[in-house]
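Asks: generate a structure from the sequence data that follows.
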Amino acid sequence: MEKILRGQVQICEAGIKNNGKTYLFDVVIEPVPEKGGAYVRFPYDIRKEFGRGRVKAEITFDGEPYSGSIVNMGLKNDDGSICYIIGIRKDIRTKIGKQPGDTVKVTVKAVQP
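Replies: All right, here's what the predicted structure looks like:
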């Protein structure tokens, strides 16, 4: 999955927030079955991109705004590397008509801590 995600990512220069990048990518929503939640994978190593392991960000899911964080919840990518995720709340999934298994367009802009 990591290789596919990297191929779909576009990076655009924007603003002055943190590293000055806006990340735009399409990704499949993944389930958290035991909790009824869902998340998407952020297809980069945030420590390399931002210099820290948790990043506050302004995010959109199919254009629906969300202020949240990119975090490591102990998941690994297929290649064994750390998997960084962004939770996608149920109310947002309802608004955009998407559920786990669906593809969503995501934008991410890191904000200063």
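Asks: helices or strands next to the lengthiest strand in the chain in the packing?
Replies: Of all the elements of type strand in the chain, the one with the most residues (DSSP state E) is strand 64-76. Applying 3 or more C-beta pairs under 8 Å, 6 or more residues apart in numbering; DSSP states H and E, we find strand 64-76 packed against strand 55-61, strand 82-87, helix 90-96. Placement of C-beta: from N, CA and C, glycine included.
Asks: can you put these in CSV and add mean neighbour count and mean pLDDT?
Replies: Shown next, in CSV, are these (neighbours: other C-beta atoms under 10 Å; pLDDT from 0 to 100):
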stretch, mean neighbour count, mean pLDDT
strand 55-61, 20, 95
strand 82-87, 19, 92
helix 90-96, 15, 97
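Asks: follow-up on the earlier one: now do the longest strand of the chain and strand 55-61, the angle between them.
Replies: Comparing the axes of strand 64-76 and strand 55-61 via axes from the mean of the first three to the mean of the last three C-alpha atoms, to 10 degrees yields an angle of 120 degrees.
Asks: closest to Val108 out of the helices and strands packed on strand 64-76?
Replies: strand 55-61 (5.1 Å; C-beta to C-beta).
Asks: who are the packing partners of the closest one?
Replies: If you count contacts as 3+ C-beta pairs under 8 Å, 6+ apart, strand 55-61 packs onto strand 64-76, helix 90-96, strand 103-110.
Asks: residues making contact with it?
Replies: Contacts with strand 55-61, where a contact means C-beta atoms under 8 Å, 6 or more residues apart in numbering, come from 18, 40, 46, 65-70, 86, 88, 92-93, 96, 98, 104-111, 113.
Asks: list the strands paired with it, with their directions.
Replies: strand 64-76 (antiparallel), strand 103-110 (antiparallel) (DSSP bridges).
Asks: in terms of mean pLDDT, which of these ranks lowest?
Replies: Mean pLDDT is lowest for strand 64-76 out of the strands paired with strand 55-61, coming in at a mean of 91.
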